[in-house]
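**Student:** turn this into a model:
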Amino acid sequence: MSEFNVIVMAGGKGERFWPLSRSQWPKQFLTIAGNRSMLQMTVDRLRKLAPLDRIYIVTNVSYRNIVKLQLPELPEENIFLEPVGRDTAACIGLAACKVAVRDPNSELLIVPADHYVDDEQAFVDSIQEGRLVLRATRGIVTLGIKPAYPETGYGYMQVSMRTEDRIFSGYKVERFLEKPNRETAEFFIRQPNYYWNSGMFLWHTDTIERMIARFLPDLHKGLETIRPALGSREETAVIEQVYPRLPAISIDYGVMEKADNIHMIPCDFGWNDVGSWGALDKISERDMYDNVIQGNVINLDTHDCIIHSVGGKLIATLGIENMIIVDTEDITLVCSKYRSQHIKDLIQELKRQKLEAYL
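**Tutor:** Numbers count the residues shown, from 1 in each chain. Model (predicted):
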């Protein structure tokens, strides 16, 4: 039986969680739900599936020390470092190359470091079910979440409901759909065969390498330049030279939307990608007025708000609703909850005004 390895993608900037998520300490390293960071919680549940020496973290070179601090038991050689971010296809391709040195035909589970899972046992059960489908198909297996509301910040999948397209509990994926507008999302959730794309995948090492070679030849060429140096003294220097020139493209655009033989496991384990401040409504306790409050806050006649105070400064609110207020040492964010998905617009404005110190 193939070895089972897990790749955790932990190199993102988490810009939609600004100003708490910053370039030097992004969202995956923050304690947002519970009393451990998103990365720590992710690895905690993955250890129910694989031993720690089979769990690998892919992150930016500038975050290496944070990963070591938060995961002191993780073997240092299990931290794969990107000199620059080149999106998920390059991240996954590099990780697959490095794992293939150790296990050329292993089963790989790919997960982001910054997602929330409420029911960890249901998560484990879903992965085990996915592995059965993976072995039966030798294709690609993705985890799908039945939509609970018309979310416009997620990608969707349309699956076949035909019996002949079923493998165990897996449905054949017919197509991937990009983040929809509100009207389209409302249509999707009324259909029995539309699911959220969780961004978690299962495949064999040689499968994803073959898919990258087929659909992303420029990325494949770059990875093949890196491959001979893996495990040698030249590895770091070669990656630093080649990696910044790799195409920046997501695995969804680059592979998933083009590949066939993809099956989806329908999952129900209380998943949320915590992609923006608005997501805290779904994963946090609310007070009697539907507010999510953290820190030193008093509020009167305040409804449906998210208020987060860092460092002890008092936030006092009166007569507001549907607002996000986040106060850090050097920044105060005041935002409509309806615009929480657009915080990247503020990031771009800060860059335009050359205020990168606040990022």
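**Student:** now do the strands in the stretch 201-350 of the chain.
**Tutor:** Counting by DSSP state E, counting those that start in this stretch, the stretch 201-350 of the chain has strands at residues 262-267, 271-272, 292-294, 297-300, 306-309, 315-318, 323-327, 332-336.
**Student:** now render those strands as JSON lines, adding distance to residue 278, mean neighbour count and mean pLDDT.
**Tutor:** Backbone N, C-alpha and C define where each C-beta goes, glycine included. Formatted as JSON lines, these follow (distance: least, C-beta to C-beta, whole Å; neighbours: other C-beta atoms under 10 Å; pLDDT from 0 to 100):
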{"stretch": "strand 262-267", "distance to residue 278": "22", "mean neighbour count": "24", "mean pLDDT": "96"}
{"stretch": "strand 271-272", "distance to residue 278": "10", "mean neighbour count": "24", "mean pLDDT": "94"}
{"stretch": "strand 292-294", "distance to residue 278": "10", "mean neighbour count": "18", "mean pLDDT": "94"}
{"stretch": "strand 297-300", "distance to residue 278": "18", "mean neighbour count": "15", "mean pLDDT": "96"}
{"stretch": "strand 306-309", "distance to residue 278": "7", "mean neighbour count": "21", "mean pLDDT": "94"}
{"stretch": "strand 315-318", "distance to residue 278": "17", "mean neighbour count": "14", "mean pLDDT": "97"}
{"stretch": "strand 323-327", "distance to residue 278": "7", "mean neighbour count": "21", "mean pLDDT": "96"}
{"stretch": "strand 332-336", "distance to residue 278": "9", "mean neighbour count": "13", "mean pLDDT": "96"}
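**Student:** TSV for the ones you listed, including distance to residue 32?
**Tutor:** Output for these, formatted as TSV (distance: least, C-beta to C-beta, whole Å):
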stretch	distance to residue 32
strand 262-267	21
strand 271-272	10
strand 292-294	9
strand 297-300	17
strand 306-309	10
strand 315-318	18
strand 323-327	12
strand 332-336	15
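**Student:** and residue 64, how many neighbours does it have?
**Tutor:** 15 (other C-beta atoms under 10 Å).
**Student:** got the phi/psi numbers for residue 20?
**Tutor:** Backbone torsions of residue 20, given as degrees, to the nearest 10, read phi -70, psi -40.
**Student:** which residues sit in contact with it?
**Tutor:** With contact taken as C-beta atoms under 8 Å, 6 or more residues apart in numbering, residue 20 is in contact with 27, 30, 308, 310, 326, 328.
**Student:** closest to residue 214 among these?
**Tutor:** Among the contacts of residue 20, residue 27 lies closest to residue 214 (C-beta to C-beta), at 32.8 Å.
**Student:** what's the burial count for the closest residue to residue 191 other than its chain neighbours?
**Tutor:** Closest residue to residue 191 apart from its sequence neighbours, by C-beta to C-beta, 6 or more residues apart in numbering: residue 158 at 8.0 Å. Here the number of neighbours of residue 158 (other C-beta under 10 Å) works out to 17.
**Student:** same check, this time on residue 27
**Tutor:** Counted with other C-beta under 10 Å, residue 27 comes out at 24.
**Student:** which SSE is the residue nearest to residue 191 in?
**Tutor:** strand 156-159 (DSSP states H and E).
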